[in-house]
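Asks: here you go, sequence then predicted model.
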Amino acid sequence: MAVSTEAPVLQSSSASESEDSARTLPNALGPEKSVLSSMLKDPEQWITNAREENLTREHFYLPAHGLLFETLCELNDRGSEIELVSLVQLLHDRGILDDIGGRAAVADIYTYAPNAAHFGNHLKIVKEKHVLRSIIRTCTESISEAYDNPEDTAKLLDQVEQEVLGIRQSSETAAGFSIRDSVGEVMTRFQEILAGEVEVQGVATGYTDLDGMSKGLKPGEMFVVAARPSMGKTSLMMNIVEHICVDQSTPTLVFSCEMTAFQIVQRLVFSRARFALSRIGKGFKPSKEELIKLKRASQEIAEARLWIDDTAGIPIETLRAKARRRKREDGIGLIAIDYLQLLKSNSRQAANSREREIGEISAGIKALAKELEVPIVVLAQLNRGPEGRTGSSLGVPRMSDLRESGTIEQDADMIGLLYRSAYYAETEEEKEELAGKSELVLAKNRNGETGHIPLTFIAELMRFESRAREDD
């Protein structure tokens with residue numbers, strides 16, 4: 001029994017669609033046979049080569065070819081000898097010889113390519129045809145989804161965008177690396193750090209202790225800054241954003257679900273000018289020096305490559321689509337989100353479970369950081385746990401206080417818990433003594449040390465600054 005080699009076609013789901021929808025899908029049967037022929041003749045070299053190029057069964061248009069390729073890879077992995085007679089016997093014993101086309105088909109593939117000189121070119125053709133088929137399949141499925149679920153537009157758009165990007169990523173071959181080169185690069189970086197030439201490996205936040213512990217915000221990492229309300233987490237996030245996009249000229253994208261773009265920019269300008277916004281009132285006249293500082297700060301903020309999206313309750317699918325576009329068009333190097341629990345997920349699974357929804361949002365943010373290869377700073381709310389503690393632990397947050405979902409703790413690469421002791425002071429004297437003192441507890445750091453980072457909060461400027469450690 002021989003399998004049919006008739007080329008599959010793309011079937012239309014609607015009679016009104018173009019007749020072109022029934023055309024044969026892109027394929028290259030000749031190059032497929034040539035690649036398999038080379039593998040059969042020199043398995044050690046060409047199966048290894050194909051593996052390095054990420055070739056899989058799905059790349060083959062003809063199912064029989066994909067099945068034979070999978071069998072050859074399995075035998076090679078086991079270290080079994082691969083030659084025509086024993087291979088045919090194995091396929092027969094497994095009951096799949098007829099699926100491949102019989103003895104004659106295997107023998108025909110073996111003799112198909114006189115030599116392997118064109119292996120690389122034929123492999124490239126096979127992969128290119130697979131990409132074309134993947135594009136057609138994705139577009140066809142998207143058309144069907146668009147007809148069947150027209151009300152879930154944002155989710156569909158995010159899904160289509162992911163699948164198209166997935167085709168590109170799967171078609172690219174990761175470059176190999178030399179361990180010698182890698183060790184050399186590690187030691188070079190180590191020497192630079194010792195010499196003081198490199199202080200951070202990622203994007204510097206502007207806070208000495210935080211940068212020392214984290215070595216900067218690294219591409220693909222998710223940094224969660226969590227706190228109870230009124231602790232100043234938005235101010236801390238925008239202080240970091242200001243340092244990165246203004247002082248370091250790194251393109252930055254901010255999603256603000258709580259404050260408007262105007263409020264964010266107003267904070268940035270007055271905080272950078274070190275001018276207390278609360279001073280402005282009827283009859284107030286700023287000094288000439290203050291006006292100069294405000295003008296300078298406003299110019300610096302205006303020239304910064306900063307984009308602010310203040311869509312309230314933005315769905316995670318929409319957020320990811322906007323971030324991809326900004327990365328593609330402007331090469332953003334940082335994303336900041338205020339805050340996680342104000343985002344939404346439009347998936348059906350999240351509709352009946354807030355915990356599952358938060359879990360999907362958290363996972364979506366982490367996936368976005370890895371996909372775009374940028375660090376993401378995301379704010380999060382804590383539950384009332386800190387208020388329920390007593391003694392010296394009153395108000396001190398813990399990772400277990402993260403509100404509504406433990407998956408945030410799992411997804412984050414770093415978690416900073418922000419609190420101000422003065423907020424929990426019981427007497428006016430104690431409040432005065434603790435005024436301005438705040439701490440960021442780096443409770444999780446996947447790639448470094450954890451600990452307390454002392455900060456000073458200047459309330460009238462909505463600004464956090466580094467503070468010397470008391471034991472120093």
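Replies: Happy to help now that I have it.
Asks: and Thr250, how many neighbours?
Replies: Thr250 is flanked by 20 other residues according to other CB atoms under 10 Å. (C-beta placed from N, C-alpha, C; glycine too.)
Asks: typo on my end, it should be Gly388
Replies: Close neighbours of Gly388, defined as other CB under 10 Å, add up to 11.
Asks: roughly how far does it sit from Cys245?
Replies: Using CB to CB, to the nearest Å, we find Gly388 at a distance of 38 Å from Cys245.
Asks: what do you get for Gly364?
Replies: Distance from Gly364 to Cys245, by CB to CB: 23 Å.
Asks: try Ile125
Replies: In this view, Ile125 and Cys245 are 45 Å apart by CB to CB.
Asks: where in the stretch 351-472 of the chain is pLDDT low?
Replies: Counting by pLDDT under 70, the stretch 351-472 of the chain shows low-confidence ranges at 351, 392, 403-405, 470-472.
Asks: repeat the analysis, applying 90 as the threshold.
Replies: Low-confidence segments of the stretch 351-472 of the chain, defined by pLDDT under 90, are located at 351-364, 367, 371, 380-412, 419-439, 441, 443, 446-453, 456-472.
Asks: same question for the stretch 51-200 of the chain.
Replies: Residues of the stretch 51-200 of the chain meeting the criterion pLDDT under 90: 51-58, 70-84, 86, 94, 100, 106, 110-120, 131, 134-200.
Asks: can you give me the buried ones in stretch 100-113?
Replies: For stretch 100-113, the neighbour count (16 or more other CB atoms under 10 Å) marks Ile100, Gly101, Gly102, Arg103, Ala105, Val106, Ile109, Tyr110, Tyr112, Ala113 as buried.
Asks: for Tyr424, state which of those is nearest.
Replies: Ile100 (73.0 Å; CB to CB).
Asks: helices along the stretch 101-250 of the chain, start to end?
Replies: Using DSSP state H, counting those that start in this stretch, the helices found in the stretch 101-250 of the chain span residues 103-112, 119-148, 153-171, 179-194, 208-214, 233-242.
Asks: between the ones you listed, which one is closest to Ala443.
Replies: helix 208-214 (11.4 Å).
Asks: show me what the closest one is packed up against.
Replies: Helices and strands in packing contact with helix 208-214 are listed as strand 437-445, strand 451-458; criterion 3 or more CB pairs under 8 Å, 6 or more residues apart in numbering; DSSP states H and E.
Asks: domains of this structure?
Replies: Annotated domains of the chain cover 19-171, 201-466 [automatic domain parsing].
Asks: what are the boundaries of the helices in the stretch 251-400 of the chain?
Replies: In chain order, the stretch 251-400 of the chain shows helices spanning 261-272, 288-303, 316-330, 354-372, with DSSP H, counting those that start in this stretch as the criterion.
Asks: now render those helices as CSV, adding mean neighbour count.
Replies: Written out in CSV, the entries for the helices of the stretch 251-400 of the chain read as follows (neighbours: other CB atoms under 10 Å):
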stretch, mean neighbour count
helix 261-272, 18
helix 288-303, 13
helix 316-330, 18
helix 354-372, 20
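Asks: looking at those, which is nearest to Leu455?
Replies: Smallest distance to Leu455 across those (CB to CB): 14.6 Å, for helix 261-272.
Asks: what's the closest one packed up against?
Replies: Packed on helix 261-272, when contacts are counted by 3+ CB pairs under 8 Å, 6+ apart, are helix 233-242, helix 288-303, strand 306-309.
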